[in-house]
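Visitor: no sequence on this one, just coordinates:
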DNA sequence: CCAAGAAGTGAATCAGCATTCACAAAGAAA
DNA sequence: TTTCTTTGTGAATGCTGATTCACTTCTTGG
């Protein structure tokens, strides 16, 4: 045996891998999954098509990883907000706001990650992602009910509904070539909906009052 | 000129067209869009692959029509409930219940129509369908606010959120090879969520009281 | 029954891409 | 430097399934 990967080599490989992922993410961000053929990804990463397969077993696997790591990142952000201090209501608001704002920031990417048709495997990853988002909200709901901020309710269903609600409300403005206006109002509308839905009795704003109007 | 379509012929053609649509719908219902290749549809409709193209310009067009007509049907049902008599709250409940129950009845079909990846065009039709569903709920919301049953709110956003909420809550139980239990509880949970979300003050059941618990 | 046009057939074609593969270039040990 | 191994190349391959098309069969009006 006359070959062992040197440290430098090791690093360069890892770097390539990252570059592939990044290129894929970028391509999706600018034109959806269609834009992101293996050839395009390879070109944009400065490699040949064949090389991609030294790093990922298949196109699907590559995009599953792209999607999953984006979701991981998103979850981490939400988690940080959800585990923070203060009213549960406040934190719920924070989560929804934060997600919505980021989605509106990078609409193509968000659209692709939330709704664009893609291969089976990617879709499954997406479903899993939604479940994970749901779990963040679920624990928030549990906490809120325990703290007496929200009335008793089916937290599993409620969590799924919340995810669905803001997702859907976001999709239309996010979808390719949709007009994008009233971002503030949109986000606030979504938040208000969610807060009413969980039965929050305060608005969760900086120093808020009632939410019912 | 020695040929004009006779009445009988005309009918047979229309009948073929219907049979194609029906076959397509059935195939989707039993195995999602993958199952429904042109060849399969043709076979199941008792025609050859080529013949399909006498009736539809492309596969996408065929499935757009399948989807659209399913949505039309669904909308008609919801419309009937929404335009019926009684509390707005009651009717809103009725719409959500009805949709959810039908979706749980034919999970494959519902999954395909709501979420399964498919070609661009089909996806666009799906988006349009969601918008149309949204409109039904929007008018319900407007009516409810005017009647004083619901507090003032952004009805556009609210409508989208409602559609998203029940859709999402349905997806997991509907998705291929998911366990399906607690249907009643699921539907009731979704309804409760939606009613709280719009700020309904009664449960909308047969002769209901408060919804808050 | 015949001719003209329409509908139906299904094998061949085509297109779009992912995936492979024979080969080349580079890296590691000796 | 030699040799072995890994990594990179990119054209060729292969697959999948929609779409086409030359041809057959049917319908209609005369």
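Guide: Received it, and whenever you're ready, just let me know what you need. Since we're looking at a predicted model, the values are computed, not measured.

Visitor: any idea of the mean pLDDT in stretch A:60-74?
Guide: Computed over stretch A:60-74, the mean pLDDT rounds to 97.

Visitor: for chain A, which residue gets nearest to DNA strand D?
Guide: Going by C-beta to the nearest atom of the strand, DNA strand D is nearest to residue A:50 of chain A, at 1.8 Å. Where you see a C-beta, it was placed from the backbone N, CA and C, and this is true even at glycine.

Visitor: is the host helix or strand of that residue anywhere near DNA strand C?
Guide: Using DSSP states H and E, residue A:50 falls within helix A:49-55. Yes - counting by C-beta under 7 Å from any atom of the strand, contacts between helix A:49-55 and DNA strand C involve A:49, A:50, A:53.

Visitor: filter those down to the ones near chain B?
Guide: Contacts with chain B are made by none of the residues of helix A:49-55 next to DNA strand C, judged by C-beta under 8 Å from any C-beta of the partner chain.

Visitor: where does pLDDT dip in chain A?
Guide: Within chain A, the segments meeting pLDDT under 70 span A:1-4, A:176-177, A:179-181, A:206-213.

Visitor: interface residues of it facing DNA strand C?
Guide: Within chain A, the positions adjacent to DNA strand C are A:2-6, A:8-9, A:34, A:37-39, A:49-50, A:53, A:58-60 by C-beta under 7 Å from any atom of the strand.

Visitor: pretty sure residue A:116 contacts residue A:32?
Guide: Yes - with contacts counted by C-beta atoms under 8 Å, residue A:116 reaches residue A:32, the gap being 5.4 Å.

Visitor: what about the two, which has more around it?
Guide: Between residue A:116 and residue A:32, counting by other C-beta atoms under 10 Å in any protein chain shown, residue A:116 is the more crowded of the two (22 against 18).

Visitor: mind checking which helix or strand that one is in?
Guide: Taking DSSP H and E as the definition, residue A:116 sits outside all helices and strands.

Visitor: how close does residue A:13 sit to residue A:23?
Guide: 16 Å (C-beta to C-beta, to the nearest Å).

Visitor: who has more neighbours out of these two?
Guide: Applying other C-beta under 10 Å to residue A:13 and residue A:23 shows that residue A:23 carries more neighbours, namely 21 against 13.

Visitor: any part of the longest helix anywhere in chain A near DNA strand D?
Guide: The residue-count maximum for a helix in chain A (DSSP state H) belongs to helix A:7-35. Yes - for helix A:7-35 and DNA strand D, the contact criterion (C-beta under 7 Å from any atom of the strand) is met by A:9, A:12, A:13, A:16.

Visitor: same question for that helix: list its buried residues.
Guide: Neighbour counts over helix A:7-35 (16 or more other C-beta atoms under 10 Å in any protein chain shown) mark A:16-17, A:19-21, A:23-29, A:32-33 as buried.

Visitor: ok, back up a step: among the residues of chain A next to DNA strand C, the buried ones, what's the ChimeraX command?
Guide: ChimeraX command restricting the residues of chain A next to DNA strand C to the buried ones, with burial defined by 16+ other C-beta under 10 Å:
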select /A:38,59,60
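
Visitor: Three-state assignment for residue A:153, please.
Guide: coil (DSSP: H, G, I helix; E, B strand; the rest coil).

Visitor: hmm, it is touching residue A:141, no?
Guide: Yes - the criterion here is C-beta under 8 Å, and residue A:153 meets it with residue A:141 at 7.2 Å.

Visitor: any common contacting residues for the two?
Guide: residue A:198 (C-beta atoms under 8 Å, 6 or more residues apart in numbering or on different chains).

Visitor: the more surrounded of these two?
Guide: It is residue A:141, of residue A:153 and residue A:141, that has more neighbours when counted by other C-beta under 10 Å, with 25 against 20.

Visitor: got the contact list for residue A:157?
Guide: Residues in contact with residue A:157 (C-beta under 8 Å, 6+ apart) are B:169, B:186, B:189, B:190, B:193.
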